[in-house]
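A.B. asks: 3D model of this:
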Amino acid sequence: MADDGIQSSSAALIKKPASKPLRGSAWNGRCRLLACTANIFMIMGIYLEYLWAAEWDKIPSHCEDRKQLPWLDFVNCYHRYTFSHSMLRGQNVFVFGVVGMFVSVCYVLVELNRVRHLHSLLKCHLVSIGTADKQDQSQAVSRVLQILPVYSFLMTVAFIAVLLLAPFHLDRPVGHYAATGVTAGSMFMGICMYVSMPLGKAVGLSHTEEAVELTGPSLQLRLWAQRHQLLRNWSGIIVAVHIALPALATLHHFAWIDVTGRLFGAAEVLAILSYQFFVGYLASDDFAMQGADLQDPM
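C.D. replies: The predicted structure is shown next:
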């Protein structure tokens, strides 16, 4: 009788459904898109006005022989046509700081909520596939759960560090380059980690016959994995821009002419905009979270 009781308790624990994932928020997607749109218009407005109306200072003569310069003076020769240089014009630093503050706060809040929801879906899915003995999917889910907190940390650092570019502009070059390195490095590493997550393998995305049987959190996670796969398909553009940026800097070094300087500046702005499009695309997850809440109000 005791053995029967133990077996009944074990069976009940196995059949016990996983707790429901965290609920989304109706304002997440709209807030993200509003912040992303405001940031894109701010970046493009500042840079295009700079190209149109800036009064160009003469490039220092010592930049013609850059090989002999200390590293700080060497880097300072590349300012023209960059977004960093455009921030010094008029009240652009103030505009960048005010808009950037609200955008960063919004990005941090919605992204933390999105990651928490994905983490909750993965936990629920892990319980369901554990009872079905799907070892390969379990390992993939565990891998995603390891990557998510690192990704979340990197993106939070990037969203906060970008605000340092307002007080540490090019007139304070050491602080500016440090803030730029932390911001761009954290953002690019975070993007690479996110798109490399084996989310499709975690939900068996290649097994179409399993989709018919999925419900609840597992179905939500499968749809999430499909959106993630689309993101992976075009994320190569972001990588290409970041390869082109140092390549064009090298080209400008050896061909010290106006055209190569403009190309380098354009590549820098494209790299900044690529971050906005990546963050903006994630609004599809925010709206899916809201849709799941409407379908399952409990």
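A.B. asks: for the longest helix belonging to the chain, packing partners?
C.D. replies: Determined from DSSP state H, the single longest helix within the chain is helix 92-131. Contact partners of helix 92-131 among helices and strands, from 3 or more CB pairs under 8 Å, 6 or more residues apart in numbering; DSSP states H and E: helix 28-53, helix 135-161, helix 216-234, helix 283-295. (Glycine included, C-beta is placed from N, CA and C.)
A.B. asks: Can you check what angle separates the first one from helix 92-131?
C.D. replies: Following axes from the mean of the first three to the mean of the last three CA atoms, to 10 degrees, one obtains 150 degrees for the angle between helix 28-53 and helix 92-131.
A.B. asks: how about helix 28-53: buried residues?
C.D. replies: Within helix 28-53, the residues that qualify as buried are 28-29, 31-33, 35-36, 38-40, 42-43, 46-47, 50, counting by 16 or more other CB atoms under 10 Å.
A.B. asks: quick one: it to chain centroid distance?
C.D. replies: 17 Å (CA atoms, centre = their mean, to the nearest Å).
A.B. asks: What are the buried residues along the helix or strand following it?
C.D. replies: With elements assigned by DSSP states H and E, the helix or strand that comes after helix 28-53 is helix 71-76. Neighbour counts over helix 71-76 (16+ other CB under 10 Å) mark Asn76 as buried.
A.B. asks: Trp27: how many residues sit nearby?
C.D. replies: If you count neighbours by other CB atoms under 10 Å, Trp27 ends up with 14.
A.B. asks: Okay, it and Val259: tell me how far apart.
C.D. replies: 45 Å (CB to CB, to the nearest Å).
A.B. asks: again with Leu109
C.D. replies: 42 Å.
A.B. asks: The two: who's more crowded?
C.D. replies: The residue with more neighbours, out of Leu109 and Val259, is Leu109; 17 against 10, by other CB under 10 Å.
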